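Asker: Okay, predicted coordinates and the sequence, questions at the end:
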Amino acid sequence: MTSPFMWYLNRGTGVVLLGLLSMTTVLGILATGRQFSARWPRFVTQGLHRALAGLSVALLLVHIVTAVVDEYVDIRWWQALVPFGGTYKPLWLGLGALALDLLIAVVITSLLRDRISPRLWFVVHLLAYAAWAVSVVHGLGIGSDSRRDWMVSLTLVCVSMVGAGALGRLGLGVAGWWQRRSIGGWP
Ligand code: HEM
């Protein structure tokens with residue numbers, strides 16, 4: 001099947017996904033911080049993080065299905081999962097597949113969180129940063145809109161948001177490590 005509708009839906013979901021995944025990542029970072037109050041408790045941030053993550057997964061499914069079903073370009077099902085095996089813009093499509101694989105690992109370990117070690121969950125969850133970064137490059141490389149002013153602005157906002165959040169999180173992590181080390185509570 002080929003129709004402009006499928007193509008527009010693929011592009012549209014790609015753009016919204018970029019924003020949603022970035023917000024999900026920032027909310028995940030905020031949910032681990034300590035800036036909470038009675039009016040904005042931690043569970044609200046965690047709930048929003050999970051809700052946006054769920055919405056992103058649903059949208060990602062639509063993004064992939066529209067890319068595969070639209071026969072205007074040749075993208076097979078397996079090429080959405082196996083990085084670097086495709087024929088259509090193989091590098092950029094492969095990065096999308098890689099982002100998907102990383103996200104699948106993050107989602108599965110999150111669903112099994114109560115049954116696996118917290119350390120394993122945490123290490124795999126860190127892959128969400130890589131998935132986000134790889135998907136940004138995928139969008140920039142393959143997107144029909146990636147050179148338009150509004151898309152460049154959206155990408156810059158997303159990169160700044162996640163970059164600032166990740167740097168803040170790293171700073172807090174180092175400060176916490178330093179504090180534990182100075183009071184002799186580490187390792
Ligand atoms: C986390 C994973 C992904 C994210 C966040 C994402 C995001 C994006 C973004 C932002 C665009 C650019 C849209 C535009 O400029 O109009 C795009 C385009 C595209 N994506 Fe993805 N994508 C992901 C995974 C995938 C996967 C696994 C496939 C494989 C089927 C795929 C196929 C495509 C295609 C074919 C386009 C080009 C649409 C066009 O012609 O403009 N994406 N994606």
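Answerer: Now that the structure is in, tell me what you want to look at.
Asker: Contact residues of the protein facing the ligand?
Answerer: Within reach of the ligand by Cβ under 6 Å from any ligand atom, the chain has these residues: 10-11, 14-15, 17-18, 21, 60, 63-64, 67-68, 75, 80, 93, 96-97, 99-100, 103, 131, 135, 138-139, 142-146, 151. For glycine as for every other residue, the C-beta is placed from the backbone atoms N, C-alpha and C.
Asker: Please repeat the previous calculation with a cut-off of 5 Å.
Answerer: 10-11, 14, 17-18, 64, 67, 80, 96-97, 99-100, 135, 139, 142-146 (Cβ under 5 Å from any ligand atom).
Asker: Can you tell me which of those residues are classed as buried?
Answerer: Neighbour-count burial (16 or more other Cβ atoms under 10 Å) applied to those gives 10-11, 14, 17-18, 64, 67, 80, 96-97, 99-100, 135, 139, 142-143, 146.
Asker: How many residues are close by the closest residue to S3 other than its chain neighbours?
Answerer: Of all residues not flanking S3 in the chain, D70 sits nearest, at 7.1 Å (Cβ to Cβ, 6 or more residues apart in numbering). Around D70 sit 19 other residues, with neighbours defined as other Cβ atoms under 10 Å.
Asker: Check V68 too.
Answerer: That count, for V68 with other Cβ under 10 Å as the rule, works out to 18.
Asker: Equivalent analysis for L21, please.
Answerer: 25.
Asker: Now do the contacts for it.
Answerer: 56, 131-132, 135 (Cβ atoms under 8 Å, 6 or more residues apart in numbering).
Asker: again with L81
Answerer: Counted by Cβ under 8 Å, 6+ apart, L81 has contacts 97, 100-101.
Asker: Dump those residues into TSV; add secondary structure and pLDDT as well.
Answerer: Output for these, formatted as TSV (DSSP: H, G, I helix; E, B strand; the rest coil; pLDDT from 0 to 100):
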residue	secondary structure	pLDDT
A97	helix	97
L100	helix	98
D101	helix	98
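Asker: I'd like to know which of the residues you listed is nearest to C158.
Answerer: L100 (18.1 Å; Cβ to Cβ).
Asker: Out of the contacts of L21, name the ones that lie in helices.
Answerer: Using DSSP state H, the members of those that fall within helices are 56, 131-132, 135.
Asker: Put the buried members of these into a ChimeraX selection.
Answerer: Per 16+ other Cβ under 10 Å, the buried members of the ones in helices among the contacts of L21 correspond to this ChimeraX selection:
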select :56,131,132,135
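Asker: From the ones in helices among the contacts of L21, pick the one nearest L156.
Answerer: Using Cβ to Cβ, those come closest to L156 at W132, 14.7 Å.
Asker: In the chain, which residue sits nearest the ligand?
Answerer: Taking Cβ to the nearest ligand atom, the ligand has its nearest neighbour within the chain at G143, 2.2 Å off.
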